[in-house]
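K.L.:
quick one, structure for this:
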Amino acid sequence: MYTEDDLLQISALQHALFCERQYVLIHLEQVWEENSFTAEGRVLHERVDTVHRESRRLFKQEYGMAVRSLQFGLVGKCDLVELWYTKDGNVEKISPVEFKRGRKKADDIDRVQLCAQVLCLEEMFGITIENGQFYYLQERRRTNEVIDTPLREKTIMLIERVMEICEKGETIAAIYKKRKCDNCSLLDLCMPKTTGAGYKQVDRFIKSQLRIAEKNNAETS
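P.N.:
Just a heads-up that it's a prediction; the model follows:
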């Protein structure tokens with residue numbers, strides 16, 4: 001069980017799965033730079049937080065619900081949580097809904113975030129949640145997401161990996177990948193072309209030049 005001081009932001013999982021260096025820069029070094037993609041996402045979530053809440057006797061919508069899990073060490077906020085109740089007032093079913101710009105992705109970057117929300121909600125309400133949903137702005141419709149065992153296992157392994165990086169507190173070396181890096185808001189701050197693949201070669205060159213300079217100084221003294 002984790003303490004309140006040890007909790008990891010759910011958003012950190014998404015950043016770490018996209019790029020571990022991005023996670024370190026944002027969450028450990030507190031570096032941030034907004035681009036058109038992050039601005040669109042921020043505006044979308046601001047709109048979601050002000051949407052009308054629907055509530056009936058056996059159904060309720062909660063926007064911007066704060067969630068946490070002391071078992072997995074997570075804390076965050078769900079865009080929307082829909083709750084169904086039994087006639088005696090107990091929660092019978094829960095479904096988190098995550099709002100995203102763009103379209104559904106082929107990788108698991110969004111899915112692990114939704115799964116982490118489910119882990120928190122399950123601990124908070126003491127029930128099993130089998131499904132969540134996404135609403136992608138460009139598709140303008142909800143899509144159902146099954147929270148199955150492989151997704152849960154991947155999410156838990158990612159949590160453990162991020163906790164490990166956090167404990168070490170070391171900045172991960174950059175690896176330049178054109179499609180990924182060129183769309184990252186931290187491109188100019190991360191400088192993957194400078195500190196990435198060629199960085200070790202440059203570092204070795206500098207060290208070799210220092211050794212030559214030291215040798216020459218020793219010979220002339």
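K.L.:
now do the helices in the protein.
P.N.:
For the chain, the helices defined by DSSP state H cover 10-18, 20-23, 36-49, 109-125, 149-168, 178-181, 187-190, 192-195, 199-220.
K.L.:
now for the protein, the helix or strand with the poorest mean pLDDT.
P.N.:
Counting by mean pLDDT, DSSP states H and E, the chain has its least confident helix or strand at helix 36-49, which shows a mean of 50.
K.L.:
for the residue nearest to residue 12 when sequence neighbours are not counted, give its distance to residue 7.
P.N.:
Nearest residue to residue 12 in three dimensions, chain neighbours excluded: residue 27, at 4.9 Å (C-beta to C-beta, 6 or more residues apart in numbering). Yep, even glycine has a C-beta here, placed from its N, CA and C like the rest. From residue 27 across to residue 7, the span is 12 Å (C-beta to C-beta, to the nearest Å).
K.L.:
cool, and residue 118?
P.N.:
17 Å.
K.L.:
so between these two, which is more surrounded?
P.N.:
residue 118 (26 against 16; other C-beta atoms under 10 Å).
K.L.:
so who does that one touch?
P.N.:
By C-beta atoms under 8 Å, 6 or more residues apart in numbering, the residues touching residue 118 are 96, 129, 132, 147.
K.L.:
how about a cut-off of 10 Å?
P.N.:
By C-beta atoms under 10 Å, 6 or more residues apart in numbering, the contact set of residue 118 is 67, 69, 78, 94-96, 128-132, 145, 147, 151-152, 155.
K.L.:
and the pLDDT for it?
P.N.:
At residue 118, the model reports a pLDDT of 98.
K.L.:
all set now, cheers.
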